[in-house]
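# Any chance you could fold what I've pasted below:
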Amino acid sequence: MLFGKLILTATLLSSAVAFAPTSSSHLSASSRTLHSTATDESSTATNSLKNAGDRDILIRSARGEQTERTPVWLMRQAGRYMADFRKYSEKYPFRERSETPSMAIELSQQCHRAYGMDGIIMFSDILTPLPTLGIEFDVVRGVGPVISTEVRSEEDVEKLKDVEGVDFDETLPFIREILGTLSKEAEEANTSLIGFVGAPFTLASYTIEGKSSKNCLDTKKLMMADEDGSSKAMSMFLDKLATMIGNYGCHQIECGAQVIQVFESWAHQLTPAQFEQFAKPASQKAIKIMKEKHPDVPVIYFANGGSSYLEVQRDMGADMIAVDWSVDMAEARKILGPDIPISGNIDPTILFGSKEQIEQAVRDCIDKAGGPGKHLLNLGHGVMQGTPEEAVGWLVDECKRYKGKDA
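Reported below is the predicted structural model:
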């Protein structure tokens with residue numbers, strides 16, 4: 001009981017930012033007296049909440065190390081399911097939020113303060129670096145990304161800016177301020193800082209289609225033209241994007257990111273053969289650039305919808321493979337083998353279920369991955385809009401609590 005009262009105090013909360021802050025003015029006189037006369041108990045509570053290993057548990061897991069428990073973070077953990085997030089998203093356009101350091105920093109941290117995931121991920125978008133090549137985009141409410149720069153031919157690719165001459169501090173000056181500040185905040189919060197990039201094929205497809213697409217027809221036409229030799233625009237574009245993305249990932253690391261996740265968001269548009277011919281080599285090139293320059297920083301590769309060809313993702317060059325929810329975790333572990341670190345893969349819709357269903361899904365996923373400390377828990381896609389906020393807390397808490405079937 002004493003511990004439960006102590007974590008309500010403002011002093012303890014200031015050193016355990018994984019919990020939502022509570023003003024000391026709301027504490028009763030008896031609670032304040034209890035805190036001032038319980039130094040030993042307060043110290044014990046602080047130490048238990050701020051475990052030294054939590055600072056890099058996600059990083060160690062992404063490198064493939066077995067950890068003392070299963071770490072957890074969630075794709076789209078900073079999102080519209082949170083009322084605090086919607087106070088910004090309903091008032092400010094996406095790019096203003098993601099490119100204004102004060103807003104991006106706040107939006108990145110809201111979920112961590114509320115739920116205590118094992119990492120803070122920068123609030124941004126996979127399309128953010130496209131303007132460095134002269135590709136203009138916007139994110140329109142109710143529509144999604146809209147790209148105005150046309151890339152459909154070899155000539156269009158050649159007109160893009162020189163990838164080797166990109167200065168990210170000049171073209172994306174907000175990134176260094178956002179990540180630099182978040183790096184300090186993550187250290188204070190005793191957690192890790194996650195950066196991310198979009199994979200070359202996904203960025204190419206977005207650009208070619210001009211917006212989200214159900215079938216990527218224009219992209220696939222360029223792929224077929226590339227195959228028959230009538231146009232090499234697709235290969236040229238992918239190669240240019242791979243270099244830019246690899247360098248952008250390095251820039252994020254140099255600004256403070258401790259882990260990079262590569263999002264192949266449109267992998268579901270590809271057959272296994274198309275993945276191997278186009279998407280895979282481009283992503284491998286981007287990952288290689290990051291790993292050659294920063295070999296100690298783990299890179300996670302996530303192909304959304306790519307579970308049907310997991311067997312060809314073993315040699316991506318990434319430190320860890322994240323899998324979507326359409327494959328059973330035990331089967332994914334079997335396909336990838338015991339030596340490939342794995343992340344995932346709870347169905348995001350389970351967060352609309354009961355507390356018991358959510359906790360069971362967490363336990364099942366951890367067990368199928370090999371047991372506590374054997375993988376990095378995540379959803380198999382992003383947190384959905386409309387997800388009950390308390391459900392996210394239930395998932396994170398159960399992941400941190402679970403000690404295994406035999407515990």
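# Phi and psi next, for residue 72.
When read as degrees, to the nearest 10, the backbone of residue 72 gives phi -150, psi 140.
# just checking, it touches residue 112?
No: Residue 72 is not in contact with residue 112 according to C-beta atoms under 8 Å; the separation is 11.5 Å. From N, CA and C alone the C-beta is placed, and that goes for glycine too.
# higher neighbour count, the two?
residue 72 (28 against 24; other C-beta atoms under 10 Å).
# That one pairs with what?
residue 377 (DSSP bridges).
# Name all residues that make contact with it.
The neighbours of residue 72, taking C-beta atoms under 8 Å, 6 or more residues apart in numbering as the test, are 117-118, 376-378, 395-396, 399-400.
# can you pull the pLDDT of it?
Listed pLDDT for residue 72 reads 98.
# Now render the contacts of residue 72 as JSON lines, adding pLDDT, distance to residue 350 and neighbour count.
Shown next, in JSON lines, are these (pLDDT from 0 to 100; distance: C-beta to C-beta, whole Å; neighbours: other C-beta atoms under 10 Å):
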{"residue": "117", "pLDDT": "97", "distance to residue 350": "17", "neighbour count": "26"}
{"residue": "118", "pLDDT": "98", "distance to residue 350": "19", "neighbour count": "28"}
{"residue": "376", "pLDDT": "98", "distance to residue 350": "18", "neighbour count": "27"}
{"residue": "377", "pLDDT": "98", "distance to residue 350": "13", "neighbour count": "29"}
{"residue": "378", "pLDDT": "98", "distance to residue 350": "13", "neighbour count": "26"}
{"residue": "395", "pLDDT": "98", "distance to residue 350": "8", "neighbour count": "27"}
{"residue": "396", "pLDDT": "97", "distance to residue 350": "13", "neighbour count": "24"}
{"residue": "399", "pLDDT": "98", "distance to residue 350": "13", "neighbour count": "24"}
{"residue": "400", "pLDDT": "97", "distance to residue 350": "17", "neighbour count": "21"}
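# Dump the residues you listed into a markdown table; add distance to residue 313 as well.
Converted to a markdown table, those look like this (distance: C-beta to C-beta, whole Å):
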| residue | distance to residue 313 |
| --- | --- |
| 117 | 25 |
| 118 | 24 |
| 376 | 16 |
| 377 | 19 |
| 378 | 16 |
| 395 | 25 |
| 396 | 27 |
| 399 | 24 |
| 400 | 28 |
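# From residue 265, how far off is the residue nearest the centre of the chain?
Nearest to the mean C-alpha position of the chain, counting by C-alpha atoms, centre = their mean, stands residue 75 at 4.8 Å. When distance is defined by C-beta to C-beta, to the nearest Å, residue 75 is 10 Å away from residue 265.
# One more: residue 176?
Distance, residue 176 to residue 265, using C-beta to C-beta: 25 Å.
# the more surrounded of those two?
residue 265 (21 against 17).
# Hmm, residue 144 and that one touching each other?
No: the pair residue 265 / residue 144 is not scored as a contact, 11.6 Å apart, by C-beta under 8 Å.
# returning to that earlier point: give me the common contacts of residue 75 and residue 265.
When C-beta under 8 Å, 6+ apart defines a contact, no residue borders residue 75 and residue 265 alike.
# helix, strand or coil for residue 75?
What DSSP: H, G, I helix; E, B strand; the rest coil gives for residue 75 is coil.
# dump the residue contacts of the residue lying closest to it once chain neighbours are set aside.
Leaving aside its sequence neighbours, residue 75 sits nearest to residue 382 (C-beta to C-beta, 6 or more residues apart in numbering; 4.3 Å). Shown in contact with residue 382 (C-beta under 8 Å, 6+ apart): 74-76, 79, 348.
# Sticking with residue 382, tell me its helix or strand.
For residue 382, there is no helix or strand it lies in under DSSP states H and E.
# next one: the one 10 residues further on
Secondary-structure assignment from DSSP H and E places residue 392 in helix 389-401.
# what's the answer for residue 195, then?
Here residue 195 sits within strand 192-198, counting by DSSP H and E.
# Do a quick rundown of the helices in the stretch 151-300 of the chain.
Ranges of helices in the stretch 151-300 of the chain, per DSSP state H, counting those that start in this stretch, are 154-159, 168-171, 173-188, 200-209, 217-228, 233-255, 272-274, 280-293.
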